[in-house]
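S.K.: Prediction below, plus the sequence it came from.
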Amino acid sequence: MYALFEEILHILSSHNTTISEMMKSALSLEASYHPLVRDLLASRADLLSALAQNSQTSHDVNRWIGGKAMEIIDEEISTLASDSAGWHFIAGHAEPYQLQEFDLADMAREMRAIAPHLWAMLDAMLRRGGKGTNQDDETDDELPELTMNDLGDMQASKKRKRLTRNLLRRQEAAALSKKVIVSSIIMQGRNQKSNWLQSMCGIFLHAIHTPQKLVDSLAHMGISIAQPTIYRSLDSLGKHILVDARRLAATLVAAYAYDNLDIEFKPSVPTIERTGETLKHFTSSMVFPLLHGVVADDLRCSQYLWERSRLNNRAPRHLISPKPTWIDLMRIHPDTLLVDENMMTVRDRFNAWKFLYDLCHYGPEEFRQHITEIGEPEPIEKIPLAKTPILPLRATMDNNSQVAGNISALTHILSQVGVGDPRVAHEDSGGNKADIDVSEHVVLFYGDLGTGEKIEASLERRSIEQTPWLRLQYAVFVLGLFHLKMACVDALWKIFIQPATARMDDTCLMKDISVLRPRETGTVASKPGFRRMHQIIQHAGICRRLDCWRVEVQRRDPAHTSLQLFAASKPSLDYLKAVANYLAMNCIDRKGKLHNLRSQASNVRDRQYENNLLLHEYFCLYEEIVFAMNHGDVGRVESCFVPWIWIFRATGKHKYVKHMVKYLSNVHFNYPSGLKKAIRYSILINPSGKPGCFRAPDWCLELNNLYTETKYGGVGVNYTEKRIIDESVLIQVFRDLHLTFERNLALGHLTTRHAEPDMTLTFEAVLRYLQDVKAHEIVRGRESKHMIPDMKDKGQQLFSTAAAPDPDSADNEDGGIDDEAEVLLEDVTMEVGV
């Protein structure tokens, strides 16, 4: 080889050149097809490696490589930080869609495409131990570091596989987020305007009440924007939300919900200056679109309604519709009165489905196989499934509990979205001219009964005015179904728990509660609250329906002394349906069965069994209206109105009677078809767009109120009236941003949607007790300390003196029940996990 070198050097010397000059000349040739050039290019990696390994050249080579890499990465960083890359966030022009589109995975893909060398360097630097992804912060997991290929070789349980997949997902998300964060810090260092990630983090830190000192520290580290910039972003977001609301209001197919929001600002140290009223009254509101084919012309009926209004002294008498009778109200959905081949109505079939549903979900494990086969009860009239966007509006300093304050609240709410008096040029809270004229249209307002009463009082007070705007002629109130559900729970509490003697029988509801919630019997007997009572109705109802199954299957076959033995016999689904139909027809009071039982001789009657028939009927009626609300079956909801009207009448809840009758009368007998559709198809909305997740608009508003009051209204010295008003319009933005960061950082363990508690042992204890006291077996001559009256029958009797229900009755006594009782956070958030 040495001789060959000498020969080559001799030849090169004879041509006055060297090896290095020859190589440089060859590489400079444009003809890359030359054999020498092709050989050099094919061996370039080996040549560079040889130079790097040579002790005399390694230092120079490494220095040259490092410098060249710095040039390449520097150019990539400049490209990333430029405006064309799209990572500039202008605080004064922040829009909600920018927060909604924030995605770390998308940022990572674009960064990798624009700066592949920078990304590769970060990937190498953040790799742990030379393999896998980095995850130093998984201290709460004892699982080893795994790859996706390991999952196929694991023989562990399904639960461990799921935990491993979650761990891998969090590891990958953590490594990805670190690279994006480091890249973003570098980008902001190059160009201060390249602050997309920092802006998202800053707004998120504000939403979770991060102390200012920490925000400033993170801003100095390059992870967040500064506090003043955050405030500019929030101002811009609020303005754009109101612009979107104005755009929606301009279509004239928008509905509103509003409610009072009372917050007490207690000073830590009372002073002379702060001795005034600490309870401040706000009015919160929101707007959402009317979907399902509703158009502006459907709401163009303001004059039509005014000409037929009882508040209009000049209205022709022949145009005012007669009040519908009870027969008319009951025949709103005539199909619900028809019977099938089993002599069962729609309500009977729902009750049978509920019996079967409880057996398959809460009975022995053998029945779980039928869960997917039982389906859902037949709908009467379902609202089409569609996601309904909700836009919160800015809270106003109006006391909605007063008529004058309610009128002011209506004006301020509409002025925010540009709706105003067409004769008066005034500006809304955003400085925009109110140019939307609704004098020929109606506007739907949802709320609780307090809101409805104030609207009615406002309409009556303004009825003498000369213009539609001053008469508030546009305002149409619609009953909020969430508060109606709360009223149903309260009525059941009044019937089965409030009377002291109703808690004394061995088979009464309170005995079930003493097993279900042994430490809460005192609370339940005095003031249980909506959530607690709602769960009691569901859990006690499940146990009692399962006990009815036990009694019936044992009656049919004495060998089946328990549901477990019955399940071991492997009954068919058809047989289970037949038994469920029998239970629905015989374990619930229907068609005068209770009347016949109570007409028997005293030594034959079982008074406690008679009470339990009513309990099953009312509990199933509650389950039906709750199911209908969750699934958007507006026809079934309306079919439940009449029996609940009778129950409310008998339990003294006259305000609900009045508004429910008025709803049925107006919607089905007085309003034109377009308005009827708009109201019925918006009385339940679906904020998530998922099946079974319909919610009443008043529930959505109560949720926003509680987030404003407890979560997003500020803390400490920042909990001020101004901040509540300014950020009330940002509630949905903050909530969405929470979900966005949880998704981007794979924080799946931080959730409010917890799994249902395992009630197996608790239900077994209740079932043993019900079996011991023979709650659903007739015991001849069994007495009761308290006979539960048939509230449906009693309510009908109270109405019997009138030929027709009067929706305008002035009888508003409510038996001591406060229709505007405080709604707790647990009452509202309970439905999030339903």
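M.R.: Looks like it came in fine. Numbering: from 1, shown residues only.
S.K.: mind listing the strands for the stretch 551-700 of the chain?
M.R.: Counting by DSSP state E, counting those that start in this stretch, no segments of the stretch 551-700 of the chain form strands.
S.K.: got it, and the stretch 201-350 of the chain?
M.R.: Under DSSP E, counting those that start in this stretch, the stretch 201-350 of the chain gives strands at 254-264, 279-289.
S.K.: Of those strands, which is nearest Glu460?
M.R.: Among the strands of the stretch 201-350 of the chain, the nearest to Glu460 by C-beta to C-beta is strand 254-264 (19.1 Å). From N, CA and C alone the C-beta is placed, and that goes for glycine too.
S.K.: Show me what counts as buried in that closest one.
M.R.: By 16 or more other C-beta atoms under 10 Å, the buried positions in strand 254-264 come out as 254-261, 263.
S.K.: now the strands of the stretch 201-350 of the chain in JSON lines, with distance to Lys527 and mean pLDDT?
M.R.: JSON lines is the format used below for the strands of the stretch 201-350 of the chain (distance: least, C-beta to C-beta, whole Å; pLDDT from 0 to 100):
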{"stretch": "strand 254-264", "distance to Lys527": "19", "mean pLDDT": "90"}
{"stretch": "strand 279-289", "distance to Lys527": "22", "mean pLDDT": "91"}
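S.K.: so which of those comes closest to Cys301?
M.R.: When the strands of the stretch 201-350 of the chain are compared by C-beta to C-beta, strand 254-264 sits nearest Cys301, at 14.8 Å.
S.K.: neighbouring strands for the closest one, and are they parallel or not?
M.R.: strand 279-289 (antiparallel), strand 443-447 (parallel) (DSSP bridges).
S.K.: Distance of Leu509 relative to Leu516?
M.R.: To Leu516, Leu509 is 10 Å away according to C-beta to C-beta, to the nearest Å.
S.K.: which neighbours do these two share?
M.R.: Contact criterion C-beta atoms under 8 Å, 6 or more residues apart in numbering; residues shared by Leu509 and Leu516: 536, 540.
S.K.: Neighbour count: these two, which is higher?
M.R.: Higher neighbour count among Leu509 and Leu516: Leu509, with 27 against 21, using other C-beta atoms under 10 Å.
S.K.: my guess is that one contacts Pro499, does it?
M.R.: No - assessed by C-beta atoms under 8 Å, Leu509 is found out of contact with Pro499, at 11.2 Å.
S.K.: host element of Ala108?
M.R.: helix 104-114 (DSSP states H and E).
S.K.: what ranges of the stretch 651-800 of the chain fall below the confidence cut-off?
M.R.: 713-718, 748-754 (pLDDT under 70).
S.K.: now the helices for the stretch 601-750 of the chain?
M.R.: 607-631, 634-651, 654-665, 673-680, 697-710, 721-727, 731-744 (DSSP state H, counting those that start in this stretch).
S.K.: how about the shortest one: buried residues?
M.R.: When neighbours are counted by 16+ other C-beta under 10 Å, the buried residues of helix 721-727 are found to be 724-727.
S.K.: swap in the first one?
M.R.: Of the residues in helix 607-631, 607-631 count as buried by neighbour count, 16+ other C-beta under 10 Å.
S.K.: ok, now stretch 436-445?
M.R.: Here stretch 436-445 shows 436-438, 440-445 as buried, counting by 16+ other C-beta under 10 Å.
S.K.: what residues does it touch?
M.R.: Taking C-beta under 8 Å, 6+ apart as the rule, stretch 436-445 contacts 246, 249-250, 252, 254-258, 290, 296, 299-303, 305, 410, 414, 417-420, 422, 451, 455, 467-469, 473-478, 675, 678-679, 682.
S.K.: What's the ChimeraX syntax to select whichever of those are buried?
M.R.: Here is the ChimeraX selection string for the buried members of these, based on 16+ other C-beta under 10 Å:
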select :246,249,252,254,255,256,257,258,290,299,300,301,302,305,410,414,417,418,419,420,451,455,468,469,473,474,475,476,477,478,675,678,679,682
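S.K.: just to revisit the earlier point, with distance to Ile19 added, can I get the buried residues of stretch 436-445 in a markdown table?
M.R.: Shown next, in a markdown table, are the buried residues of stretch 436-445 (distance: C-beta to C-beta, whole Å):
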| residue | distance to Ile19 |
| --- | --- |
| Ile436 | 84 |
| Asp437 | 89 |
| Val438 | 89 |
| Glu440 | 94 |
| His441 | 90 |
| Val442 | 93 |
| Val443 | 89 |
| Leu444 | 89 |
| Phe445 | 90 |
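S.K.: and of the residues you listed, the nearest to Leu385?
M.R.: Leu444 (20.7 Å).
S.K.: Tell me who's in contact with the spatially closest residue to that closest one that is not a sequence neighbour.
M.R.: In this structure, Leu444 finds its nearest non-sequential neighbour in Ala255, 4.0 Å apart by C-beta to C-beta, 6 or more residues apart in numbering. For Ala255, the contact set (C-beta under 8 Å, 6+ apart) comprises 287-290, 443-446, 478, 678, 682, 697.
S.K.: average pLDDT for the helix or strand hosting Thr164?
M.R.: Taking DSSP H and E as the criterion, the element that holds Thr164 is helix 158-190. Per-residue pLDDT values over helix 158-190 give a mean of 80.
S.K.: quick one: buried residues of it?
M.R.: Applying a neighbour-count criterion of 16+ other C-beta under 10 Å, one finds 164, 167-168, 170-184, 186-188 buried in helix 158-190.
S.K.: try stretch 64-79
M.R.: Result for stretch 64-79 [16+ other C-beta under 10 Å]: buried residues 73, 76-77.
S.K.: which residues touch it?
M.R.: Contacts of stretch 64-79 (C-beta under 8 Å, 6+ apart): 52, 85, 114-118, 121, 186-187, 190.
S.K.: Restrict those to the buried ones and give me that as a PyMOL selection.
M.R.: The following PyMOL line selects those of the contacts of stretch 64-79 that are buried, judged by 16+ other C-beta under 10 Å:
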select buried, resi 85+114+115+118+121+186+187
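S.K.: Pull the most distant pair out of the contacts of stretch 64-79.
M.R.: Checking the contacts of stretch 64-79 with C-beta to C-beta, the most distant pair is Ala52 and Ala85, at 33.8 Å.
S.K.: Now do Arg19: how many residues are near it, please.
M.R.: Quick fix: residue 19 reads Ile, not Arg. Neighbour tally, Ile19, other C-beta under 10 Å: 11.
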